[in-house]
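>>> coordinates for the following, if possible.
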Amino acid sequence: MPPTVVRLSGLLIGCSLSWCIHHVDVSAASPWKRHTIDDTHRGADGVRLGDFNGDGLPDVVTGWEESGLVRLYLNPGSAKATQPWPASTIAKAKSPEDAVPIDLDGDGRLDIVSSHEGKQRQLLVHWNNTPAPHSDSSQLLQRQNWTTDRFKQLDGVMWMFALPLGTIDSRPALVVGAKGPKATITLLLGPATHPRDLTTWTTIRLRDAGWIMSLRAVDMDLDGDLDVVFSDRKGNRRVAAWLEQPDDPEQMWTEQVIAGQGREVMFLTATAERCLISTRNSDSLDCRRAGDAWHVTTLDHPAGVNNGKAIERFPDDRIVLTANTHASPNRDLPGIWIRDPQGNWSAIDPTPAVKFDRMELIDLDADGDLDVMTCEERQNLGIIWYENPAR
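Here you go, the predicted structure:
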């Protein structure tokens, strides 16, 4: 049956009305080798990348939600990447839901911003006070070289995710998303001088929200500045959409719908031409753009995998999906899968009853193909990466 096209919020949305049942075989391909970066704590919640020591390799920051830790991991290079990575606890704070590298004060050193829900309900900044930009590993891993402050004006909100947005009018820009009462997507703009005084940062509410899962910085209208692609999974405005950056950042950021109205949309990945959106249902959404139109088709999950979490795409159009099978009716199912271009799914890791999170696709073993880095919370696999097998 051909796609049906409808108009919603000024955009054409193409919706496939047909469901394709694809072959699923947990044993169809050998599991990918799993390598552990850290499994010594509980509740690893997200992986975010940044080069802290200037060696050209992506380091990792992660919030350990149940252990109440924000930790930094320094990439040891491809020869040692299969071993646990050198690490340090940068700060202790309750319920870290996300941690992301960003040079917030413009001194050439990557700082870390962590988002906290639960009882903490704060947005914290962990300042990098090492002696020089691109300090060596021993200095970066000394906790005394890090101090913590907070955006007091944002206290009391369950912050879920933070997105560096480069600079706007030469001012450092950070977008943050929340869940629950008083949830918003909010833009933070630093002052021209003394950016470490967080009370002087301008806060601009971009949108009310129910539960923000994803924030992505993409120039969606190709006008030279970064827009904000987001997924909001709860409430009466749940949707995957993007906010168009205006010439004056304090003016309205126009919301442009992509797909998923009324659905529980989870993590997404996006370019200006294509957006993949996982849902907490039995399918994901593959959205392809033609002008102002988004033509949306459904990608069925592996049979029985209902609680989708994150989705990413390889250059050869294979798709990786993570899920929370720990909370599924069938807990015997794996939670990380790969789909070939013909639509066949196979499990990357057969471990059942797992809860994975967002992913990064990156070549960690320097063999010329992309590996999968992620984290897992329920079987305490921790921060891990899967080695893309040679094909």
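>>> please name the nearest non-neighbouring residue to Glu377.
Lys355 (4.6 Å; CB to CB, 6 or more residues apart in numbering). Any C-beta I mention is one placed from the backbone N, CA and C, and that applies to glycine too.
>>> shouldn't the one you found be in contact with Pro334?
No. Assessed by CB atoms under 8 Å, Lys355 is found out of contact with Pro334, at 11.9 Å.
>>> end-to-end on stretch 187-199?
14 Å (CA to CA, to the nearest Å).
>>> I'd like the average pLDDT over that stretch.
What stretch 187-199 shows for mean pLDDT is 95.
>>> do the same with stretch 89-102
Stretch 89-102 comes out at a mean pLDDT of 96.
>>> go on, stretch 64-74?
Average pLDDT, stretch 64-74: 97.
>>> just to revisit the earlier point, got a pLDDT number for the residue nearest to Glu377?
pLDDT, read off for Lys355, is 97.
>>> and if you look at the one 3 residues further on?
Listed pLDDT for Arg358 reads 95.
>>> which residues touch the closest residue to it other than its chain neighbours?
Excluding the flanking residues, the one nearest Arg358 by CB to CB, 6+ apart is Ala310, at 4.5 Å. Contact analysis of Ala310 by CB atoms under 8 Å, 6 or more residues apart in numbering lists Met266, Phe267, Ser278, Leu321, Thr322, Phe356, Asp357, Arg358, Met359, Thr374.
>>> what segments of the stretch 201-350 of the chain are strands?
202-208, 212-218, 227-232, 239-244, 254-259, 265-270, 274-279, 283-290, 293-300, 308-313, 319-323, 334-339, 345-352 (DSSP state E, counting those that start in this stretch).
>>> got the contact list for Gly156?
So Gly156 contacts Arg121, Lys182 (CB under 8 Å, 6+ apart).
>>> again with the one 5 residues further on
With contacts taken as CB under 8 Å, 6+ apart, Phe161 has the following neighbours: Glu97, Asp98, Ser115, Val176, Gly177, Ile212, Met213, Ser214, Leu215.
>>> tell me the mean pLDDT over the helix or strand where it lies?
Per DSSP states H and E, Phe161 falls inside strand 158-168. Averaged across strand 158-168, the pLDDT comes to 97.
>>> what is the subsequent helix or strand relative to that strand?
Defined by DSSP H and E, the subsequent element after strand 158-168 is strand 171-179.
>>> just the C-alpha atoms of that following strand, please, in PDB.
Extracted C-alpha coordinates of strand 171-179, given in PDB (Å, rounded to 0.1, in the frame of the first residue of the first chain):
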ATOM      1  CA  ARG A 171      28.200  33.900  24.000                       C
ATOM      2  CA  PRO A 172      28.500  30.200  25.200                       C
ATOM      3  CA  ALA A 173      25.100  28.500  24.700                       C
ATOM      4  CA  LEU A 174      23.700  25.500  26.400                       C
ATOM      5  CA  VAL A 175      20.200  24.000  26.000                       C
ATOM      6  CA  VAL A 176      18.700  21.800  28.800                       C
ATOM      7  CA  GLY A 177      15.600  19.700  28.900                       C
ATOM      8  CA  ALA A 178      13.500  18.400  31.900                       C
ATOM      9  CA  LYS A 179      10.600  16.200  32.900                       C
END
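>>> quick one: strands adjacent to the helix or strand just after that strand?
Next along the chain after strand 171-179, taking DSSP H and E as the criterion, comes strand 184-189. Neighbouring strands of strand 184-189 in its sheet, by DSSP bridges, are strand 171-179 (antiparallel), strand 202-208 (antiparallel).
>>> which ones are touching Asp332?
So Asp332 contacts Pro352, Ala353 (CB under 8 Å, 6+ apart).
>>> about what we covered before: need the strands of the stretch 201-350 of the chain in TSV with mean pLDDT, can you?
Formatted as TSV, the strands of the stretch 201-350 of the chain follow (pLDDT from 0 to 100):
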stretch	mean pLDDT
strand 202-208	98
strand 212-218	98
strand 227-232	98
strand 239-244	98
strand 254-259	98
strand 265-270	98
strand 274-279	98
strand 283-290	96
strand 293-300	96
strand 308-313	97
strand 319-323	97
strand 334-339	97
strand 345-352	97
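>>> in JSON lines, list those strands along with distance to Ile37.
Listed next are the strands of the stretch 201-350 of the chain as JSON lines, based on distance: least, CB to CB, whole Å:
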{"stretch": "strand 202-208", "distance to Ile37": "34"}
{"stretch": "strand 212-218", "distance to Ile37": "22"}
{"stretch": "strand 227-232", "distance to Ile37": "26"}
{"stretch": "strand 239-244", "distance to Ile37": "30"}
{"stretch": "strand 254-259", "distance to Ile37": "32"}
{"stretch": "strand 265-270", "distance to Ile37": "20"}
{"stretch": "strand 274-279", "distance to Ile37": "23"}
{"stretch": "strand 283-290", "distance to Ile37": "26"}
{"stretch": "strand 293-300", "distance to Ile37": "29"}
{"stretch": "strand 308-313", "distance to Ile37": "17"}
{"stretch": "strand 319-323", "distance to Ile37": "16"}
{"stretch": "strand 334-339", "distance to Ile37": "16"}
{"stretch": "strand 345-352", "distance to Ile37": "15"}
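>>> what sits against the residue nearest to Trp127 when sequence neighbours are not counted?
Nearest in space to Trp127, with sequence neighbours left out and distances taken as CB to CB, 6+ apart, is Thr147 at 5.0 Å. With contact taken as CB under 8 Å, 6+ apart, Thr147 is in contact with His126, Trp127, Asn129.
>>> against Ala327, how distant is Thr147?
Distance from Thr147 to Ala327, counting by CB to CB, to the nearest Å: 37 Å.
>>> repeat for Pro131
Counting by CB to CB, the gap between Pro131 and Ala327 amounts to 46 Å.
>>> before we move on, what about Phe52?
Counting by CB to CB - Phe52 and Ala327 are separated by 34 Å.
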